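okay, here's the prediction I keep looking at, along with the sequence it came from:
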Amino acid sequence: MRVALFIACYNDALFPDTGKAVTTVLERLGHTVEFPMAQTCCGQMHYNTGYRREAESLVGAFNDAFRGYDAIVTPSGSCGGHVRHHHETETAPNVYEFSEFLVDVLGVSDVGAYYPHRVTYHPTCHSLRMLRVGDKPLRLLRAVEGIDLVELPEAESCCGFGGTFAMKNSETSVAMLRDKMDNVHITKAGTLCASDNSCLMHIGAGLGRIKSGVRTLHLAEILAATK
Amino acid sequence: MTGSAAKDRILADIRSALHDVPRAERAEDVAVTRDYLDSHATGDVVGLFVERVRDYRATVTRVPEAEVPAEIARILAERGVRNLVVPPGFPREWLTAYDGSRLTDDPPLTAAELDASDGVVTLAARGVALTGTIVLDAGPGQGRRALSLVPDLHLCVVRTSQVLPDVPAAVRALVPDRPTTFISGPSATSDIELDRVEGVHGPRTLDVLLVVDS
Amino acid sequence: MSDEKVNVVWLGSPTFPNAAHDALRDGQLRRNLKHATTTIRDKRLRAVAELDDWETLRLAGSQIKDRVMRHLDEYLLRLEASVTAAGGVVHWAEDADAANRIVIELVRAKGADEVVKIKSMATQEIGLNEALAADGVTATETDLAELIVQLAGDRPSHILVPAIHRNRTEIRDIFRREMGKYGVAAPDDLTDEPRVLAEAARLHLREKFLRAKVAVSGANFACADTGTVAVVESEGNGRMCLTLPETLITVMGIEKVLPAFADLEVFLQLLPRSSTAERMNPYTSLWTGVTPGDGPQEFHLILLDNGRSATLADRQGRSALHCIRCSACLNVCPVYERTGGRSYGSVYPGPIGAVLTPQLVGVGTSKHADSLPFASTLCGACYDACPVRIDIPEMLVHLRAKVVDAHRGEKLPAPEALAMKAARVVFGSPRRLAVAERLGALGGRIAGIRGGRWLPGPAKKWTAARDVPVPPRESFRTWWRKAGRR
Ligand code: SF4
């Protein structure tokens, strides 16, 4: 199976560690990961903001970059969802969100990780309602050795990010963020985990501002951690 | 009929808006998949009806036919009904034990007279078990719609043989041109904090007498 | 009572972010909304979970609506024929003014100076009460929540429970203060217990029901084959209006028609569980034209377009007309929960309002309407809740594109448009992206390292409550290349 990493532009620029972690986990499971250098952006942000023309013009390049791979694995629920739903290309059906790929395609839930901390998990909206990953990320987390996984109250309610929503409707966004942060604090977890760095960046930036001490970590980075 | 010009313009606008619909397409060509269940009710349909009607805080009493008169009299006495609206066609023999006065709708009672009554007794057209619903269709013994609406108490006599399992069966059994009312419990509202409270404009008390058919 | 000009939107409404600014500061409103929406959310999930073929029902519901929309002209003609055959009179109204004129003429012909009303989105949309008032006719809203809004001179904030923004204590105060001005006053010892408040409404409205000559209603469904009209309600105020007056005037959006009476078996399962989270709402009334000796002896059905045929023309926006006004999408919406309905500046708030309002009034016609499709995080909760499967998130994105396209080529492009274009250029080539990433990392680190937690310009909106993420020293692609991987 030829596996490509589709990192998503914002992870490439802002969260390289997530990409490294995806690579680490997949290699640990015996797969070779390729990173097609021609990849840039899937157009999700353009599309969702109404710049459909700009978004459509990126579709062809995405397809060219990933042609020939059996699985295109991404640590971005929102970009994975966007490609699968809105790119009408030969590569689109081969795109998998990271937890989906592990559980559905590779059939594993225990990836041999060790993370001895209290963690709570926020299921991001696009993973939940666009990709329907269900409890796959939680199944992966439950199998992590040493983890103290606590349920996040009102987990399924949106964190308020929504891409440009966070700027255009920043006050509403922040109101939602505050409720999310309150719920995170209720869990007394030291780590907030999600499978999308965009929402995590938003929540993390809010937690940072109030100096809450809670760290945000992508699912892949927890799964990459070992003794 | 007002505005046939308006009608023509609206229809023309609709037709031009639907330019993408092939001319040859007929309405029936648009697929409707009807593989939803005919009924969600399983097992004892009448028992389910009783349970579901009670869920709305209506009372249900099951009685054999012979006991109907005594039971009607008992309920009315307990509720303090002395002035009862009786629709045309309601079986007279069922009111033999009731000793209060009767208001018949012939000539039609005024809204004020209905409002001044203590309650109404009616038959029903159907019952729906899954949703605990009573269906009235203004047939004999049910009266026109106002009769079961304005009085503050509604005593409704339903036969077990009238109870259908679920909504699809009820809709299929209805006669469309009759004025029909689905009644599920006493009048209620969720308008204050989205929390349900019983009792607004319709009858605040709904008592159901379920006659066990042999 | 309020006398603002309404036609779908309240004229002069501010954009969504500006309206939300005020709503978000209202702590009482936030608490009331949170309480009400969370109560109903859990209940709805339970009510829906009882039917294991829920998804099949939803599909059937959406397909029936799809059939209606694709053949709307035909179904309306059939409906007209069957209502007429059953003794009703059908009127066609292109817009709000036309519909209001028809109602006013009918009321005048009856010599009435008051009407009782059943809660109806269509009559709210056309500002009927205001139009009647201008003509000296008093319209009394008889739905409890609608009455609360009317007495308070307020704007509705929810399509099912227009007074959802008020809690019980506020309602008690409104009743105490206002009821006496319009009829039977609230009792002196009125408490804020919901049961007692409902009782006060019963007393206040009873005399109006008993003397009303004309009632005005909306319609939940109208069956083309039989001419049967359905009104779904809880309190019995609907039955009062549909039964006691001599004349009934029903104003119905043209999209409410159903192909057949038999289709009610789908919608009477979908609607109550989605709206009030009940197995069945207390009362559903079905009537077909006029029944001698039972109920109104004169029945008028007004078919209202008011932007609907234009909405129909947009294939990707068309299904907004499938809405059965259950309000489930409002109740699950995280944005609605925070801002309330009035921030949407339309009689149709929440997710459905964000897609319906701009279409009814026209995209590109006002800053207010154009702001609505952006009032969402695209979290998708509305789509999951919608009993007729309207893909609201996808439609929001479609309308965003229409808004963006309507403003393309403007002399002074918005900063966002420039940013999007610039991003498109950068993403056009992996090399340009790598350069941009390096520059961004540098700039970001400078801002971050200097403790630049408060950025100027448009980014200020981000940093009001959020730190700026500090970019890493090197991007993933740089690391990958340096590590000699392929
Ligand atoms: S859009 Fe769907 S969920 Fe929202 S009110 Fe309409 S029918 Fe209900």
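Great, that's in hand. Keep in mind it's a predicted model, so treat the numbers as computed, not measured.

and the helix or strand hosting residue B:113, what does it pack onto?
Using DSSP states H and E, residue B:113 maps to helix B:111-116. Helix B:111-116 makes packing contacts with helix C:194-211 when contacts are defined by 3 or more C-beta pairs under 8 Å, 6 or more residues apart in numbering or on different chains; DSSP states H and E. C-beta here means a position set from N, CA and C on the backbone, and glycine is covered the same way.

if we go to 6 Å?
Here helix B:111-116 touches no other helix or strand, going by 3 or more C-beta pairs under 6 Å, 6 or more residues apart in numbering or on different chains; DSSP states H and E.

alpha carbons of it, as CSV, please.
Taking Å, rounded to 0.1, in the frame of the first residue of the first chain, the C-alpha atoms of helix B:111-116 are listed here in CSV:
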residue,chain,number,x,y,z
ALA,B,111,-69.8,29.5,22.3
ALA,B,112,-70.9,31.2,25.6
GLU,B,113,-73.1,28.2,26.5
LEU,B,114,-70.3,25.8,25.8
ASP,B,115,-68.0,27.9,27.9
ALA,B,116,-70.5,27.8,30.8
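
so for that helix, what gets flagged as buried?
Within helix B:111-116, the residues that count as buried by 16 or more other C-beta atoms under 10 Å in any protein chain shown are B:111, B:114.

kindly report the same for stretch C:136-150.
C:137, C:139-150.

how far does stretch B:152-171 stretch from start to finish?
Stretch B:152-171 has an end-to-end distance of 27 Å (C-alpha to C-alpha, to the nearest Å).

about what we covered before: and which of the buried residues of stretch C:136-150 is nearest to residue C:63?
Using C-beta to C-beta, residue C:143 comes nearest to residue C:63 of the buried residues of stretch C:136-150, at 30.8 Å.

OK, contacts around residue 50?
With no chain named, the answer covers chain A. Residue A:50 sits next to C:400, C:401, C:403, C:404 when contact means C-beta atoms under 6 Å, 6 or more residues apart in numbering or on different chains.

nope, chain B
Counted by C-beta under 6 Å, 6+ apart, residue B:50 has contacts residue B:60.

tell me where chain C has strands.
Secondary structure of chain C (DSSP state E): strands located at C:6-7, C:9-10, C:89-93, C:114-117, C:138-141, C:214-217, C:221-223, C:228-233, C:247-253, C:257-258, C:283-288, C:298-304.

average pLDDT across the last one?
The reference is to strand C:298-304. Averaged across strand C:298-304, the pLDDT comes to 98.

rewinding a little: for the strands of chain C, which has the smallest mean pLDDT value?
Note on these: lowest mean pLDDT is at strand C:6-7, with a mean of 82.

flag the helix or strand of chain B with the lowest per-element mean pLDDT.
strand B:195-198 (a mean of 80; mean pLDDT, DSSP states H and E).

which other helices and strands contact that strand?
For strand B:195-198, the elements it packs on are strand B:188-192, helix C:194-211, judged by 3+ C-beta pairs under 6 Å, 6+ apart.

quick check, stretch C:311-320 touching chain B?
Yes. Using C-beta under 6 Å from any C-beta of the partner chain, stretch C:311-320 reaches chain B at C:312, C:313, C:315.

among these, which ones are buried?
C:312, C:313.

tell me which of the residues of stretch C:311-320 next to chain B is nearest to the ligand?
The ligand lies nearest to residue C:312 out of the residues of stretch C:311-320 next to chain B, by C-beta to the nearest ligand atom, at 16.2 Å.

residue 111: how many residues sit nearby?
No chain was given, so I picked chain A. Residue A:111: 20 surrounding residues under other C-beta atoms under 10 Å in any protein chain shown.

let's do chain C instead
8.

any idea how far residue C:440 lies from residue C:473?
Plainly put, residue C:440 is 12 Å away from residue C:473 if you go by C-beta to C-beta, to the nearest Å.

over to residue A:51?
31 Å.

same check, this time on residue C:91
Residue C:91 is 72 Å from residue C:473, by C-beta to C-beta.

for those two, indicate the residue with more neighbours.
With neighbours defined as other C-beta under 10 Å, residue C:91 and residue C:473 compare such that residue C:91 has more, 24 against 12.

doesn't residue C:302 make contact with that one?
Yes. Because the distance of 4.6 Å satisfies C-beta atoms under 6 Å, residue C:91 is recorded as touching residue C:302.

what touches both of the two?
Shared contacts of residue C:91 and residue C:302, defined by C-beta under 6 Å, 6+ apart, are found at residue C:102.

quick one: which of the residues of stretch C:311-320 next to chain B is nearest to chain A?
Distance to chain A, by C-beta to the nearest C-beta, is smallest for residue C:315 among the residues of stretch C:311-320 next to chain B, at 14.8 Å.

in space, what's closest to that closest one - neighbours in sequence excluded?
The shortest distance from residue C:315 to any non-neighbouring residue, by C-beta to C-beta, 6 or more residues apart in numbering or on different chains, is to residue B:20 (5.7 Å).

the one you found sits in which helix or strand?
Under DSSP H and E, no helix or strand contains residue B:20.

distance to residue C:199 added to the buried residues of stretch C:136-150, as JSON lines?
Formatted as JSON lines, the buried residues of stretch C:136-150 follow (distance: C-beta to C-beta, whole Å):
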{"residue": "C:137", "distance to residue C:199": "28"}
{"residue": "C:139", "distance to residue C:199": "23"}
{"residue": "C:140", "distance to residue C:199": "18"}
{"residue": "C:141", "distance to residue C:199": "18"}
{"residue": "C:142", "distance to residue C:199": "15"}
{"residue": "C:143", "distance to residue C:199": "16"}
{"residue": "C:144", "distance to residue C:199": "11"}
{"residue": "C:145", "distance to residue C:199": "16"}
{"residue": "C:146", "distance to residue C:199": "17"}
{"residue": "C:147", "distance to residue C:199": "13"}
{"residue": "C:148", "distance to residue C:199": "14"}
{"residue": "C:149", "distance to residue C:199": "19"}
{"residue": "C:150", "distance to residue C:199": "18"}
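
that'll do, ta.
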